[in-house]
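# Sequence and predicted structure below; questions after.
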Amino acid sequence: MKIQISNGMFIAMILNIMYAKAIGVTQGVLARAVGQDMWLATLLGTLEGIVMMYLTYVVIRRTPDKDFVQLGQLLLGRWFSSLIALVIFAFFIVAFGPIMITFVYHLRDYFLPDAPLWIFVVTSLVVGAIGCYYGLEVMGRIAMIGLLFMFALNVLITIGSMQEFDIRNLLPVMESGLPRTAKASMHYLADCAMATMMATLVLPLVKKVDIGNGRFGVLGIIGSGMMIIIWAILEGAVLSSEVTSQYTLSCMKLARNAHIGTFLQRYEMIMIALYSLPALFEVMFCIYGTSVCISRIFGIKSNRPMIIPCCIVLGVFGYWIIEDHFRAIDFLENYWPFIALPVAIGLPLIMVLLRVMLGSKLQKKSA
């Protein structure tokens, strides 16, 4: 029986795979790049992400039962499908670095400074491996719960920040200029790239994906942008862009400033609990994406036998990234966007071009 997830699960998965990193470390990077215009960079990145996600749908819409790897085999044979699987596998290995930066530095720097790094890496991989083992439907249900947690977190941070909100900190608007802001938006677009690459594997498993005209993926990107831009505006208005730029995890500084009335102070522990599930979902899908791709390369029907080997590879790379704080920030700002975007934009463009050139071949095979 073919596994299928609902449209709501797919949208929730998009929000979960983007949310934790985008509010955790991306806003600090944007503040260092364009100051108080970081919310505009997030908005531009959302618009660019919509185009990128729709392009992914365009690739799949005429063969809605085939993901990118399966479509590659139809187009040019097994060697090409293995190449696509290898590219997606490498993408999720590299994506695990920024995810670990977000997850580990949140917990270690603010709550467990004396705990060894390997505990955070191993714990997250164990939880992610369990979710991956039970399959995509279970992961979709976890994403739905994570979506509720994200709504609760946004409500708490918005209410708790209103007393300190100063819109003057967001002025003047577009001080950095449009070209510089557009250039900075690639850091947020790299977060959208994770959702796009997830769609290359998951989109054919969404119920009635060919009927939706790509709107469910687009809605996921729009929903993510709306939830994340709240943090960009609050960090700029409450903390100021100067303060935000000084923190790797600017969202934790905002969370520590949040308070409701006189009696409910310093409730960031509640917020980090709500934040943890979306962060763990990111880990979970990295394991799923790598295990599925490597299974396709070796011709294994199920991805389960490859979960543990992929966890080992992910763990080694993730630990190497976070072991050195300067290496982690350098990778996050200077390497990750230039690895993620060529893959997330280039792969769908190549597939669209091949579909146009080899469209008759696909029709014959379908017949």
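All right, it came through fine.
# Poorly predicted segments of the stretch 101-250 of the chain, please.
Low-confidence regions of the stretch 101-250 of the chain, defined by pLDDT under 70, span residues 210.
# same question but for the stretch 251-367 of the chain, I mixed them up
The low-confidence ranges in the stretch 251-367 of the chain, as defined by pLDDT under 70, are 261-267, 360-367.
# Could you rerun that using 80?
259-271, 359-367 (pLDDT under 80).
# now the strands: where do they sit in it?
Defined through DSSP state E, counting those that start in this stretch, the strands belonging to the stretch 251-367 of the chain, from first to last, are 259-260, 264-265.
# partners of the first one, with directions?
For strand 259-260, the paired strands and their directions (DSSP bridges) are strand 264-265 (antiparallel).
# Against Leu71, how distant is Val58?
Val58 sits 12 Å away from Leu71 when distances are taken as CB to CB, to the nearest Å. For every residue, glycine as well, the C-beta is placed using N, CA and C.
# Have a look at these two and say which one is more surrounded.
Set side by side, Val58 and Leu71 show more neighbours around Leu71, with 24 against 14, by other CB atoms under 10 Å.
# helix or strand for that one, which one?
helix 68-76 (DSSP states H and E).
# tilt between the lengthiest helix in the chain and helix 68-76?
When the chain is parsed with DSSP state H, its longest helix is helix 78-110. For helix 78-110 and helix 68-76, the angle between their directions (axes from the mean of the first three to the mean of the last three CA atoms, to 10 degrees) works out to 160 degrees.
# Can you give me the buried ones in helix 78-110?
Neighbour-count burial for helix 78-110, with 16 or more other CB atoms under 10 Å as criterion, is recorded at 80-82, 84-85, 87-89, 91-108, 110.
# any residues touching the helix holding Leu71, and which ones?
Taking CB atoms under 8 Å, 6 or more residues apart in numbering as the criterion, the residues outside helix 68-76 that touch it are 59-60, 63, 66, 80-81, 83-85, 88, 200-201, 204, 293, 296, 347, 351, 354-355, 358, 361-362, 365.
# Mark which of those residues are buried, thanks.
When these are checked against 16+ other CB under 10 Å, the ones flagged as buried are 59-60, 63, 66, 80-81, 84-85, 88, 200-201, 204, 293, 296, 347, 351, 354-355, 362.
# Now, the residues you listed that are in helices?
Per DSSP H, the subset of these in helices is 59-60, 80-81, 84-85, 88, 200-201, 293, 296, 347, 351, 354-355, 362.
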